[in-house]
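In: What follows is a predicted protein model with its sequence.
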Amino acid sequence: MSTTEVARDGSKVSTIERKPFWGLVNGRPLRIRRIGCTGGFGDGKSLFVDRIDTRNTFKIDLEASSDTFNLPFKKYVCLYDEVKTVNSSGIPTALECFLWFDDMLEKVKPGEYTVVAVDPINEIQSGCYDWVYSNPGKFGRTQGQYDKMTAMVWGDVKTYLDMRIGMLTNKIETFAYTVHMGQVWKDGKPVEGKMKAKGSDVFRKMADVFFVLSRPVNPATGVQPDKPIGIIAPPIGKCRLVHANPDDCDEAYPILPPVIKDLTANAIRRYILKPPDYKNLSPDQLVPHYELTDDDKLQMQLRIAEAQEESERLRNERLANVADAAARNKAMKSEQAAKESAVRAEVNEEPPFKKDLPSVKDAVQPATKAVDGTADDILATILEQGRDLWGDQVKAGLVKAIEKRGGPGTKLADLTLPQLEELTGALWNALTKRDMANTPEGE
């Protein structure tokens, strides 16, 4: 790619040949604005993003995982050393990390770096969620809307991050990031052999290319390869890179194969220069069938334990949020009472569990002694959720949901506190899934 430079006096003009960062497609430089990757521990995520263009990379390290590589980054920061927390523990919160990151996006100058790499991105995503949730007015929302629909919060998180990262990629060549893996759960149990990228999938959706990395040990030699295998196949991997013929709308083919063995930035560049023949892919370019070894299963058990620990932490956070929500609900008690009356009018009779309200209060009060009206709040919340979910069939739906948790003839008062929490969460999840299914993804 040639550029023209003019001297200050206007007398000298020179042309400098500069190689396109990723390569040419249809005679024009290809832009890969966002590259993401995920994988298990030790699968090469950090090294991959670190070596796209090391000497011109601004590396933002959340785990100090690149310290041992001794790579000559143009700029390197350990985020936890940069963020000045006000937390009494001295450990920055995800929100504080996000605010630092968001401010950094403004400070990067055009052409200052070719690559900005974040490793990992999970805390930035979590902090953005916290910030968006606390600032509904900036997105034309109300707190009530956010409390009611988690999908709406995540939609605004994606919109904001998409816009902000888009501004950054106008000043650099590529924004690269890693994402931790998490266990896939179904029916309350981990699914053997199934892992996923942690988080809400926001950064995977915005990626131009998203790799799943692995470095499996060769069972015959016991040797682990120094470069990872990169998979772009769904459901986790993705790739938007194609050669499209501008003169023939029938001719378009992928630039990258389903699998890149010995994945590096240069391997990607080689495929841009010479794409694979999808009709005659080599075995190395095909997604392998992988059988779990005993060691894999032990590692999975460890990840399951970590996932359970994370689940417990989130449950404790939800309990704290229940108390906060109850306090807000008390301030809106008159409005909720009107909604409750409207629901009762719709079903034309008192809910079958109304008479049990005092014992509901006795059941939940010990866990939330500082909150008045907890039973009323839980009842109003369940009624509101049920009306939104089932409409005119709210009575039948709620009775079925309660009996599902406690057996035939169970009343609301018979449910334990964990069952009440689980019922409320299940209703929210059902509403969120319905809303997400009715909302175009808009990648």
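Out: It's in.

In: now Phe73, what's its secondary structure?
Out: For Phe73, the reduced secondary structure class is coil; criterion used: DSSP: H, G, I helix; E, B strand; the rest coil.

In: thought it was touching Thr57?
Out: Yes - counting by C-beta atoms under 8 Å, Phe73 does reach Thr57; the two are 5.1 Å apart. Heads up, the C-betas are built off the backbone N, CA and C, glycines and all.

In: Which of those two has more residues huddled nearby?
Out: Taking neighbours as other C-beta atoms under 10 Å, Phe73 and Thr57 compare with Thr57 leading, 25 against 20.

In: Dig out what the nearest residue to the more buried one once chain neighbours are set aside forms beta bridges with.
Out: If you skip the residues right next to it in sequence, Thr57 has Val115 as its closest partner in space, 4.3 Å away by C-beta to C-beta, 6 or more residues apart in numbering. When bridges are taken as DSSP bridges, the partners of Val115 come out as Thr57, Thr174.

In: list the contacts for the closest residue to Thr142 other than its chain neighbours?
Out: In space, Thr142 comes closest to Pro136 once its chain neighbours are excluded; the distance is 5.7 Å by C-beta to C-beta, 6+ apart. With C-beta atoms under 8 Å, 6 or more residues apart in numbering as the criterion, the residues that contact Pro136 are 142-143, 145-146.

In: Kindly recompute the last result at 6 Å.
Out: By C-beta atoms under 6 Å, 6 or more residues apart in numbering, the contact list for Pro136 reads 142-143, 146.

In: Equivalent analysis for Leu263, please.
Out: For Leu263, the contacting residues are 228, 230, taking C-beta under 6 Å, 6+ apart as the criterion.

In: ok, now with 7 Å
Out: Residues in contact with Leu263 (C-beta atoms under 7 Å, 6 or more residues apart in numbering) are 48, 211, 213, 227-230.

In: and the residues you listed, which are buried?
Out: 48, 211, 213, 227-230 (16 or more other C-beta atoms under 10 Å).

In: Name the nearest of these relative to Cys37.
Out: Minimum distance to Cys37 across the buried ones among the contacts of Leu263 is 4.2 Å, recorded for Phe211 (C-beta to C-beta).

In: Secondary structure class of the closest one, three-state.
Out: Judged by three-state DSSP, the three-state class of Phe211 is strand.

In: Which residues are in contact with it?
Out: So, once contact is read as C-beta under 7 Å, 6+ apart, Phe211 ends up touching 37, 230-232, 237, 263.

In: try Gly386
Out: By C-beta under 7 Å, 6+ apart, Gly386 lies in contact with 394, 397-398, 427.

In: who wins for most neighbours among these?
Out: Counting neighbours by other C-beta under 10 Å, Leu398 leads the contacts of Gly386 with 25 neighbours.

In: Just confirm that one is within a strand.
Out: No - counting by three-state DSSP, Leu398 is not found in a strand; it is helix.

In: The residue nearest to it when sequence neighbours are not counted and Leu417, how far apart?
Out: Distances taken as C-beta to C-beta, 6+ apart put Gly386 closest to Leu398, at 4.6 Å, once the chain neighbours are dropped. Here the distance between Gly386 and Leu417 works out to 19 Å (C-beta to C-beta, to the nearest Å).

In: so where is the stretch 301-443 of the chain shaky, pLDDT-wise?
Out: Counting by pLDDT under 70, the stretch 301-443 of the chain has low-confidence residues at 301-380, 433, 435-443.

In: Apply 50 and report the result again.
Out: Counting by pLDDT under 50, the stretch 301-443 of the chain contains low-confidence ranges at 347-373, 441-443.

In: quick one on the thing from earlier: from the contacts of Leu263, which ones fall inside helices?
Out: Members of the contacts of Leu263 lying in helices (criterion: DSSP state H): Phe48.

In: residue boundaries of the helices in the stretch 101-250 of the chain?
Out: Under the criterion DSSP state H, counting those that start in this stretch, the stretch 101-250 of the chain contains helices at 122-134, 143-148, 150-169, 202-206.

In: orientation of the first one relative to helix 150-169 in degrees?
Out: Which is helix 122-134. Relative orientation of helix 122-134 with respect to helix 150-169: 120 degrees, computed using axes from the mean of the first three to the mean of the last three C-alpha atoms, to 10 degrees.

In: quick one: contacts for Thr57?
Out: When contacts are taken as C-beta under 7 Å, 6+ apart, Thr57 is in contact with 50, 73-74, 113, 115, 117.

In: And those residues, which two are furthest apart?
Out: Taking every pair in the contacts of Thr57 and measuring C-beta to C-beta, the maximum separation is 13.1 Å, between Asp50 and Tyr113.

In: So which of the contacts of Thr57 is the closest to Pro246?
Out: The nearest member of the contacts of Thr57 to Pro246, counting by C-beta to C-beta, is Val115 at 29.0 Å.

In: what residues are up against the closest one?
Out: By C-beta under 7 Å, 6+ apart, the contact set of Val115 is 52-53, 56-57, 172-174, 176.

In: Report the separation between Glu384 and Trp390.
Out: In this structure, Glu384 and Trp390 are separated by 12 Å, where distance is defined by C-beta to C-beta.

In: give me the number of residues near Tyr133?
Out: 18.

In: I figured it hits Asp147, correct?
Out: No - Tyr133 sits out of contact with Asp147 when judged by C-beta atoms under 7 Å, with a separation of 9.0 Å.

In: Once you drop chain neighbours, what's closest to Leu62?
Out: Leu79 (4.8 Å).

In: ok, back up a step: can you say which two of the contacts of Val115 are spatially most distant?
Out: Checked with C-beta to C-beta, those reach their widest spread between Asn56 and Ala176, with 12.2 Å between them.
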